[in-house]
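1. Output the structure for:
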Amino acid sequence: MPFFDLPAAELRAFRPEVAEPEDFDAFWADTLAASRAVAEPPRLTRVDSPLALVDVYDVEFSGFGGDPVKAWFLVPADASGPLPAVVEYNGYGGGRGLPHERLQWAASGYAHFFMDTRGQGSAWGTGGGTPDPHGTGPSFPGFMTRGIHDPAEYYYRRVFTDAVLAIDAVRSLDAVDADRVAVTGGSQGGGIVLAAAGLAEGLVGAMPDVPFLCCFERSVGLTDRDPYQEIVRYLSIHRDAAPTVFRTLSYFDGVNFAKRASAPALVSVALMDPVCPPSTVYAAVNHHAVGAEVVEYAFNEHEGGQGLHWQRQAEWLAGVLAAGSPG
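-> Here you go, the predicted structure:
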């Protein structure tokens, strides 16, 4: 894939106006309050595992509307004292998989909470375990257009609520220092990070990696790749639905969540990324309320920085935590 988006200098300054509904804050405040009102304490079950240096727990916590959501919770074996925690969200189509597939954070001394994505888990990886028990009107196959006729019915209202309540669940655990929680995720997971960091207070940091779900109107007209193309194909059939569709999406745009961020961010962007075009990532970066540090991978597509970028995330988060420690 050649460079296809704006020149690098223009990308770094790209700050478009993105539609924002007047009731954005009220919509999300009401959504979260309703789900928190019916939430139950998370349930943890210790799992027998061949991992000798990490303790593994199978978690079920209350998400949107009290729906049960699965997660893995990993902590260093025999850890003493509350630990800083990293809550991680997954990419499009994947599930929580198996606990031994993501050991870096626990092996680095963190409590690690990996949230399953409701309804997903059958496109790649080793599966998921959380259904999405809510129906939808007409939609294109996939998740992008489920309930897209109404913000209250849209699929990502449920996912983003799950993400915030995952943070609530983590903060309630004895093994976690509730004042030292960060969020991370790549692609769809990066978009969820932007939402969670715009809705949850008191995070120490956010690390969205090549984030999806940003600057929708530009994205669907710029890339010919899925998942954004699901919206294009839906609109090619529902020819008069664009105003309704883009109004719904404005409640879920990563740019609007970035405007409300209360924690610093480390954001990655791949300049040849045809899935999450770099200009759409920079749109969120340049609207970020607190300030976002950007790592560019000039010659990568959607894979971004992979293992090298995780190392940068670990170094960045360690620095954030050290800067916030007394003394």
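
2. C-alpha from now on. contacts and neighbour counts both.
-> Fine.

3. show me where the stretch 1-150 of the chain has helices.
-> 8-13, 24-37, 104-107 (DSSP state H, counting those that start in this stretch).

4. The first one: which residues count as buried?
-> Right, the one you point to is helix 8-13. L11, R12 (16 or more other C-alpha atoms under 10 Å).

5. quick one: contacts of that helix?
-> By C-alpha atoms under 8 Å, 6 or more residues apart in numbering, the residues outside helix 8-13 that reach it are P278, S279, Y282, N286.

6. Over to stretch 96-106?
-> Here stretch 96-106 makes contact (C-alpha under 8 Å, 6+ apart) with 51, 54, 56, 70-72, 74-76, 86, 90, 111-112, 114-117, 121, 125-129.

7. winner for burial among the helices of the stretch 1-150 of the chain?
-> Mean neighbour count (mean count of other C-alpha atoms under 10 Å) peaks for helix 104-107 among the helices of the stretch 1-150 of the chain, with a mean of 18.

8. what's the straight distance from one end of stretch 15-24 to the other?
-> 20 Å (C-alpha to C-alpha, to the nearest Å).

9. Stretch 137-144 now?
-> 12 Å.

10. model confidence over that stretch, on average?
-> Computed over stretch 137-144, the mean pLDDT rounds to 91.

11. That one: which residues count as buried?
-> Of the residues in stretch 137-144, those buried (16+ other C-alpha under 10 Å) are S139, F140, F143, M144.

12. any idea how far the residue sitting nearest the centre point of the chain lies from R239?
-> Taking C-alpha atoms, centre = their mean as the criterion, I192 is the residue nearest the geometric centre of the chain, at 2.1 Å. Distance of I192 to R239, computed by C-alpha to C-alpha: 29 Å.

13. coming back round to it: contacting residues for the residue nearest to the centre of the chain?
-> Contacts of I192 (C-alpha under 8 Å, 6+ apart): Y89, V159, F160, A163, G185.

14. repeat for P21
-> By C-alpha under 8 Å, 6+ apart, the neighbours of P21 are R247, S250, Y251.

15. Dump those residues to CSV, plus secondary structure, neighbour count and distance to S80.
-> Shown next, in CSV, are the contacts of P21 (DSSP: H, G, I helix; E, B strand; the rest coil; neighbours: other C-alpha atoms under 10 Å; distance: C-alpha to C-alpha, whole Å):
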residue, secondary structure, neighbour count, distance to S80
R247, helix, 17, 48
S250, helix, 21, 44
Y251, coil, 24, 41
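
16. now, among the residues you listed, which is nearest to E20?
-> Closest approach to E20 among the contacts of P21 (C-alpha to C-alpha): S250, at 5.7 Å.

17. Wait, the closest one touches E20, no?
-> Yes: under the criterion of C-alpha atoms under 8 Å, S250 makes contact with E20 at 5.7 Å.

18. Chain neighbours aside, what residue packs nearest to P84?
-> Leaving aside its sequence neighbours, P84 sits nearest to R180 (C-alpha to C-alpha, 6 or more residues apart in numbering; 4.9 Å).

19. what residues are up against that neighbour?
-> If you count contacts by C-alpha under 8 Å, 6+ apart, then R180 has L83, P84, A85, L203, V204, L321 around it.

20. coming back round to it: restricted to buried residues, select the contacts of helix 8-13 in ChimeraX.
-> Entered in ChimeraX, the line below selects the buried ones among the contacts of helix 8-13, by 16+ other C-alpha under 10 Å:
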select :278,279,282,286
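
21. Of the contacts of helix 8-13, which belong to helices?
-> P278, S279, Y282 (DSSP state H).

22. Quick check, pLDDT for the last one.
-> Residue-level confidence at Y282 comes out at 98, pLDDT.

23. wait, what's in contact with it?
-> Counting by C-alpha under 8 Å, 6+ apart, the residues that Y282 touches are L11, R12, A13, F14, R15.

24. Go again with 7 Å.
-> L11, R12, F14 (C-alpha atoms under 7 Å, 6 or more residues apart in numbering).

25. can the residues you listed go into CSV with extra columns for distance to Q229 and pLDDT?
-> Below are the contacts of Y282 laid out as CSV (distance: C-alpha to C-alpha, whole Å; pLDDT from 0 to 100):
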residue, distance to Q229, pLDDT
L11, 22, 97
R12, 25, 97
F14, 23, 98
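
26. ok, now how distant is L235 from A242?
-> 7 Å.

27. Grab the longest strand from the protein for me.
-> In the chain, with assignment by DSSP state E, the single longest strand is strand 176-186.

28. tilt between the helix or strand following it and helix 24-37?
-> Next in sequence after strand 176-186, counting helices and strands by DSSP states H and E, comes helix 188-199. Using axes from the mean of the first three to the mean of the last three C-alpha atoms, to 10 degrees, one finds that helix 188-199 and helix 24-37 are set 100 degrees apart in direction.

29. Would you mind giving the secondary structure of V269?
-> strand (DSSP: H, G, I helix; E, B strand; the rest coil).

30. Tell me how many other residues surround the nearest residue to V75 once chain neighbours are set aside.
-> Using C-alpha to C-alpha, 6+ apart and skipping the chain neighbours, the partner closest in space to V75 is A111 (4.6 Å). Using other C-alpha atoms under 10 Å, A111 has 26 other residues around it.
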